[in-house]
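Enquirer: just a sequence and a predicted model for now, questions to come.
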Amino acid sequence: MRIGIGYDSHRLVEGGRLILGGVEIAHEKGLMGHSDADVLVHAICDAILGALGGGDIGRHFPDTDPAYKGISSIKLLQKVYAVAGERGFVVNNVDSTVILERPKLMGSMQDMAVNISKTLRISVDSVNVKAKTNEGMGLIGRDEGIAAFAVVTIQEKDNK
Ligand code: MG
């Protein structure tokens, strides 16, 4: 068993799409980034790569590479899943927290967990998505950005 942590943040801007955990959420602002800027999935990718000792998402999918422009981050997670598989590992479980002031994610978090669990081929019970506000403090409190943390455990395929 190995453990990894991931963190990411993206700037919120007027217009554009807000995609979290592969779910498009109706909101007047969207996240800015080279890919679809899915901050939650990026944190999970980094947590898996961290557990593998495999660097980070920027090394695997550089934001200077036009191949990743506008790409669905769920596709990046599929690629990270494949990297883990090549190294002989499967993901055991995912825990995550999205930190944002608005909108409320209560109605979307289960769909996010389903998307992530399907991509990683694990039970939806093994994926947890939580959301917190920043109590109005700082850049998140001012609605300027969204951040996410993720922790994953991975294990060697033979032990599964
Ligand atoms: Mg990112």
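Expert: Sure thing, it's come through.

Enquirer: how about the residues of the chain near the ion?
Expert: Residues of the chain lying near the ion by Cβ under 5 Å from the ion: D8, H42. (Each C-beta comes from the backbone N, C-alpha and C, glycine too.)

Enquirer: helix or strand, whichever it is, which one in the chain has the lowest mean pLDDT?
Expert: helix 57-60 (a mean of 90; mean pLDDT, DSSP states H and E).

Enquirer: identify the residues contacting that one?
Expert: For helix 57-60, the external contacting residues (Cβ atoms under 8 Å, 6 or more residues apart in numbering) are D8, H42, C45, D46, L49, G54, L76, K79, V80, V83.

Enquirer: look up which residues are beta-bridged to the first one.
Expert: In this structure, D8 bridges to A148 when assessed by DSSP bridges.

Enquirer: contacting residues around it?
Expert: When the contact criterion is Cβ under 8 Å, 6+ apart, the partners of D8 are V39, L40, H42, A43, D46, I57, A147, A148.

Enquirer: could you redo the last one with a cut-off of 6 Å?
Expert: Listed by Cβ atoms under 6 Å, 6 or more residues apart in numbering, the contact partners of D8 are V39, H42, A43, A148.

Enquirer: how distant is the host helix or strand of V13 from the center of its chain?
Expert: V13 is part of strand 2-14 when elements are defined by DSSP states H and E. Distance of strand 2-14 from the chain centroid (Cα atoms, centre = their mean, to the nearest Å) equals 7 Å.
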